[in-house]
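Asker: Provided below for reference: sequence and predicted model.
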Amino acid sequence: MIQWEQEIMSKHTTFRVGGPADFYLVPESEEEVAEAVYFAREKGLPYYPIGRGSNLLVGDYGYHGVIIEIGSGMEKLQIHEGGLVEAQAGITLAKMASELAAHGLSGFEFASGIPGTLGGAVAMNAGAYGGEIKDTIVSATVLTKTGDILVLGKEELALGYRTSIIQEKLYMVLSAVFSFLQEQPDEIRARMRELNEKRRQKQPLEFPSAGSTFKRPVGHFAGKLIEDAGLRGYRVGDAQVAEKHCGFVINRGHATAAEIRRLIEDVQKQVREQSGVKLEPEVRMIGEF
């Protein structure tokens, strides 16, 4: 297991901000994930699992605890007969979508442009362009806070809009099983190219961000509410509401975590005052700001 102390988190988040974590562990097997959790408990420290840090804001003064990165070493994908696929939590969504397409398995195209790993995607029931993890998942293997390994079926996972039992119980995803339909690889790749082109046209991919900053309020779109509140391009230091898409908060180059959090709070306040709608951040915030 790879281990660092006082590891700067700006190197591990897509916002490119964040101070040092006391310990940064990279387990390379499911057994080492359990060892990492045990390590944190022995130290009397909290722990937080991450993948690519794509939905995460870490404070400028860092995280007083143990960061556990589920990534390299836990990226295996096994394709079985009948469209059943088992994948470890550390595989990136882009890599998984590409491999599935190559084998003519359809149903994961929506995830091809999401910059994260499977573990986080399962935990939050990630989705885009009409597709969600819950559409094809069969089960997930998770590690509990007490070190037990459970296999949870689709219903037990309680997958909803950006939520699941995994988040509620603070489980860690180790792997998941999916069921996909067979289709021509060229047709699958064509849909993936189309969706990724839409992303490039509509999202500010040229700047560091954590993707969509806010959850979609019932009956509304977060970006439209933010734009209607007059906040397109609104800045706090180098943190900015993206002009290309108001649902994104971006780092223009030298933003601090505190500036990003302040901007998010300002947006919430202005939208609430203008429309009466309370925006809930999709981005997780940890550490000291």
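Answerer: Received the coordinates, thanks.

Asker: who touches the lowest-mean-pLDDT helix or strand in the chain?
Answerer: Least confident helix or strand of the chain, by mean pLDDT, DSSP states H and E, is strand 127-128 with a mean of 91. Surrounding strand 127-128, the residues in contact under the criterion C-beta atoms under 8 Å, 6 or more residues apart in numbering are 110-111, 113-114, 133, 162, 195. Heads up, the C-betas are built off the backbone N, CA and C, glycines and all.

Asker: next one: stretch 255-263
Answerer: Applying C-beta under 8 Å, 6+ apart, the contact partners of stretch 255-263 are 15, 17-19, 57-60, 234-241, 249, 251, 285, 287, 289.

Asker: could you do stretch 62-71 as well?
Answerer: If you take C-beta under 8 Å, 6+ apart as the criterion, stretch 62-71 is touched by 6-7, 9, 12, 18-27, 33, 36-37, 39-40, 43, 45-52, 89-90, 117, 119, 172-173, 286-288.

Asker: stretch 166-178 too?
Answerer: Contact partners of stretch 166-178, identified using C-beta under 8 Å, 6+ apart, comprise 30, 33, 37, 49, 68, 70, 74, 84-89, 107-108, 118-120, 122-124, 136-145, 149-150, 157-158, 165.

Asker: try it again at 6 Å.
Answerer: Contacts of stretch 166-178 from elsewhere in the structure, counted by C-beta atoms under 6 Å, 6 or more residues apart in numbering, are 30, 49, 85-86, 88-89, 119, 122-123, 136-145.

Asker: and the residue lying closest to residue 133 once chain neighbours are set aside, what pLDDT?
Answerer: Across the structure, with C-beta to C-beta, 6 or more residues apart in numbering as the measure, the residue nearest residue 133 apart from its sequence neighbours is residue 125 (5.0 Å). The predicted local distance difference test score for residue 125 is 96.

Asker: any idea how far residue 115 is from the residue positioned nearest the centre of the chain?
Answerer: When C-alpha atoms, centre = their mean is applied to the chain, the residue found nearest the centroid is residue 55 (4.4 Å). Taking C-beta to C-beta, to the nearest Å as the measure, residue 55 and residue 115 are separated by 9 Å.

Asker: do the same with residue 76
Answerer: Distance of residue 76 to residue 115, computed by C-beta to C-beta: 20 Å.

Asker: the two: which is more packed in?
Answerer: residue 115 (17 against 11; other C-beta atoms under 10 Å).

Asker: residues contacting that one?
Answerer: residue 54.

Asker: and the host helix or strand of residue 274, what's its mean pLDDT?
Answerer: Under the criterion of DSSP states H and E, residue 274 resides in helix 257-275. For helix 257-275, the mean per-residue pLDDT is 98.

Asker: over to stretch 147-167?
Answerer: The predicted model assigns stretch 147-167 a mean pLDDT of 95.

Asker: and it, what's buried?
Answerer: Judged by neighbour count (16 or more other C-beta atoms under 10 Å), stretch 147-167 contains these buried residues: 152, 157-159, 162, 164-166.

Asker: quick check, distance from whatever helix or strand residue 40 lives in to the centre of its chain.
Answerer: Assignment of secondary structure by DSSP H and E places residue 40 within helix 30-43. Helix 30-43 has its C-alpha centroid displaced from the chain centroid by 22 Å (C-alpha atoms, centre = their mean, to the nearest Å).

Asker: hey, C-alpha coordinates of that helix in PDB?
Answerer: Extracted C-alpha coordinates of helix 30-43, given in PDB (Å, rounded to 0.1, in the frame of the first residue of the first chain):
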ATOM      1  CA  GLU A  30      -9.700  -4.900  -1.400                       C
ATOM      2  CA  GLU A  31      -7.700  -6.300   1.500                       C
ATOM      3  CA  GLU A  32      -5.600  -3.200   1.600                       C
ATOM      4  CA  VAL A  33      -8.700  -1.000   1.700                       C
ATOM      5  CA  ALA A  34      -9.700  -2.800   5.000                       C
ATOM      6  CA  GLU A  35      -6.100  -2.300   6.200                       C
ATOM      7  CA  ALA A  36      -6.400   1.500   5.400                       C
ATOM      8  CA  VAL A  37      -9.600   1.800   7.500                       C
ATOM      9  CA  TYR A  38      -7.900  -0.100  10.300                       C
ATOM     10  CA  PHE A  39      -4.900   2.200  10.100                       C
ATOM     11  CA  ALA A  40      -7.200   5.200  10.500                       C
ATOM     12  CA  ARG A  41      -9.000   3.700  13.500                       C
ATOM     13  CA  GLU A  42      -5.700   2.800  15.200                       C
ATOM     14  CA  LYS A  43      -4.500   6.400  14.800                       C
END
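
Asker: that concludes my questions; thank you for your assistance.
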